[in-house]
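In: Dropping a prediction and its sequence here:
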Amino acid sequence: MSGAPARSLHGLGVACGLAAGAWLGAAEVPTKLVTIGISPFVISLGMVSGVFLGRWTLPMLLKGATYLLRDIRRRPHLIVWGILAGVLWAVANTLTVFAIKNVGLSIAFPLWNVNSIIGILWGFLLFGELRDAGANQWIKVLGGAIAILAGAAALAYASNHSVDNSRAASVGVVSALGAGLLWGTMYIPYRKAYLSGMNPLSFVTIFTFGELATVSILALVFEAGFEHLRAELIQARPALFWLFAGGLCWVIGDLFQQYAAKYLGIGRGIPLSNTNQLWGLAWGLLVFGETSGAAAPVRLLIIGGSVLMIAGAAAVSFAEAPAGERAAWKRAMERESQRYGLPLAELEASLQGQDPVAQEPGRGLWDWTVGTAAVGVFVWAAVEVRAQPIPVNSGWMALLAAGTLFALAAGGWVLWRRTRFS
């Protein structure tokens, strides 16, 4: 893969990463419900329920159940990796709720996005990313990584001056950093799957079992059993639709992020999708008025730290892999091919945007049944939905929502045109 095809795939990965940032940013908005007394575990369970519906429905409607099953059967070793990734995601997502509760959305977002650093490390150690990349690419990546760390430090410092309770601020910071560590490690199964030729739509279908099971266990344990959890869910019934919607937003963002990781690698794809912190900052400051009572220097520190992290992520992400590094990627792919007996030509075709799985099947009755059932669940949740007592700026909310939809349309069109979602 060289020349124009390589540049084309790099551009595709960048488009997917930017679209992922918009939707992953929007996905965390419903977690603000924790500020009105809804349990963090109920919020996490509600969001994961929406994620579960989305991860089953969207891949089936885009590719069909027959396609997904065929792809999974060709690579059964990835089932356990997909479940493991779901477990890591579920724990990290629960930690983000505690982070938002204690330090707010605009501060928590940049802190957990240190997963970029973890992703760069794992990509280098395990998958040949940045090997033989040359000094110019290393300067971009290391400079970006330093900027990300510096921005995170600025946000952590700001949190201790914008939150009255220093203990709460400490809990929020630790929770956000813990989420970042788990999310950075979660990308190991992602990259392993795509070096093995699996379609991201197939991988996320496996992924959902690990996350739903883990969040259910966490909720049962920390909410003192089934009956207490059931009572909490009934009490939160008017807000469930917003949690389901947040989960669906996460699915869309994560699908774009999966494609970014496939075509850019995790060391570049993760930082680019971490532009979600810009969206998180916008939602937190413009829509919810976070830090509105903070002193001007604190607010400038929050904005400056976020901008610094975004600049670092951009530097890392736009460091296009040269021929030497792509050769190291290929060696990692060859190891996967030999370890699991996978045809190397098929794996190479997959990473070039082609679809190695046999013919594209039509949508069957099962696919439409699953899609209809998922829509029915959202309708059920919407019947009793109520506006929640959280002050918002409706004008800014409409503008950010429009921008998020534009990112979906633009990213989805580029992905379909170049790869047909392969």
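Out: Thanks, I have the structure now. Since we're looking at a predicted model, the values are computed, not measured. Residues are numbered from 1 along each chain as shown.

In: Please make it C-alpha for all contacts and neighbour counts, starting now.
Out: Noted.

In: Just give the number of residues close to W416.
Out: By the measure other C-alpha atoms under 10 Å, the count of residues near W416 is 11.

In: any idea which helix is longest in this protein?
Out: Assignment by DSSP state H gives helix 166-195 as the longest helix of the chain.

In: buried set for it?
Out: The neighbour-count check on helix 166-195 (16 or more other C-alpha atoms under 10 Å) flags 168-195 as buried.

In: and it, what's its mean pLDDT?
Out: For helix 166-195, mean pLDDT is 84.

In: So which elements touch it?
Out: Under the contact definition 3 or more C-alpha pairs under 8 Å, 6 or more residues apart in numbering; DSSP states H and E, helix 166-195 sits against helix 78-103, helix 105-112, helix 115-127, helix 135-162, helix 240-264, helix 323-340, helix 344-351.

In: among those, which is nearest M47?
Out: M47 lies closest, by C-alpha to C-alpha, to one member of those: helix 240-264, at 4.4 Å.

In: any idea of the angle that closest one forms with helix 166-195?
Out: Inter-element angle recorded for helix 240-264 and helix 166-195: 50 degrees (by axes from the mean of the first three to the mean of the last three C-alpha atoms, to 10 degrees).

In: Packing partners of helix 240-264?
Out: helix 3-27, helix 40-63, helix 166-195, helix 200-222, helix 266-273, helix 365-383.

In: next structured bit after the fifth one?
Out: Read it as helix 266-273. helix 276-282 (DSSP states H and E).

In: tilt between the very next helix or strand once past that following helix and helix 240-264?
Out: Heading C-terminal from helix 276-282, the first helix or strand you meet, by DSSP H and E, is helix 296-317. Interaxial angle of helix 296-317 relative to helix 240-264 (the same axes, to 10 degrees): 40 degrees.

In: All further residue positions should be reported with the first residue as 59.
Out: Got it, the first residue is 59 from now on, which makes the last one we talked about helix 354-375.

In: What is the neighbour count of H135?
Out: Neighbour count for H135, taken as other C-alpha under 10 Å: 13.

In: any idea what sits nearest it, other than its immediate chain neighbours?
Out: Using C-alpha to C-alpha, 6 or more residues apart in numbering and skipping the chain neighbours, the partner closest in space to H135 is Y398 (7.9 Å).

In: so where is the stretch 59-208 of the chain shaky, pLDDT-wise?
Out: Residues of the stretch 59-208 of the chain meeting the criterion pLDDT under 70: 59-65, 92, 163-164.

In: ok, 90 please
Out: 59-73, 75-76, 79, 82-136, 140, 143-145, 147-208 (pLDDT under 90).

In: Low-confidence ranges, the stretch 209-358 of the chain, go.
Out: Using pLDDT under 90, the flagged stretches of the stretch 209-358 of the chain are 209-235, 237-238, 241-242, 244-309, 312-313, 315-358.

In: What separation do you get for the residue nearest to H135 and S254?
Out: Going from Y398 to S254 by C-alpha to C-alpha, to the nearest Å gives 9 Å.

In: Between the helices and strands packed on helix 298-322, which one is closest to L142.
Out: With C-alpha to C-alpha as the measure, helix 258-280 is the member of these nearest L142 (6.3 Å).

In: tell me what the closest one is packed against?
Out: By 3+ C-alpha pairs under 8 Å, 6+ apart, helix 258-280 packs against helix 98-121, helix 123-132, helix 136-161, helix 284-293, helix 298-322.

In: Let me know which of the ones you listed is tucked in deepest.
Out: Burial of these is given as mean neighbour count (mean count of other C-alpha atoms under 10 Å); helix 298-322 ranks first at a mean of 27.

In: just how off-centre is it within its chain?
Out: Offset of helix 298-322 from its chain centre (C-alpha atoms, centre = their mean, to the nearest Å): 6 Å.

In: do the same with stretch 428-444
Out: 24 Å.

In: quick one: contacts of it?
Out: Here stretch 428-444 makes contact (C-alpha atoms under 8 Å, 6 or more residues apart in numbering) with 111-112, 114-116, 118-119, 295-300, 302.

In: Flag every buried residue along it.
Out: V428, G429, A432, F436, A439, A440, V443.

In: Repeat that for stretch 473-480.
Out: Buried residues in stretch 473-480 (16+ other C-alpha under 10 Å): L473, F479, S480.

In: mind putting the helices and strands packed on helix 258-280 in CSV, distance to G338 included?
Out: Listed next are the helices and strands packed on helix 258-280 as CSV, based on distance: least, C-alpha to C-alpha, whole Å:
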stretch, distance to G338
helix 98-121, 17
helix 123-132, 33
helix 136-161, 11
helix 284-293, 26
helix 298-322, 13
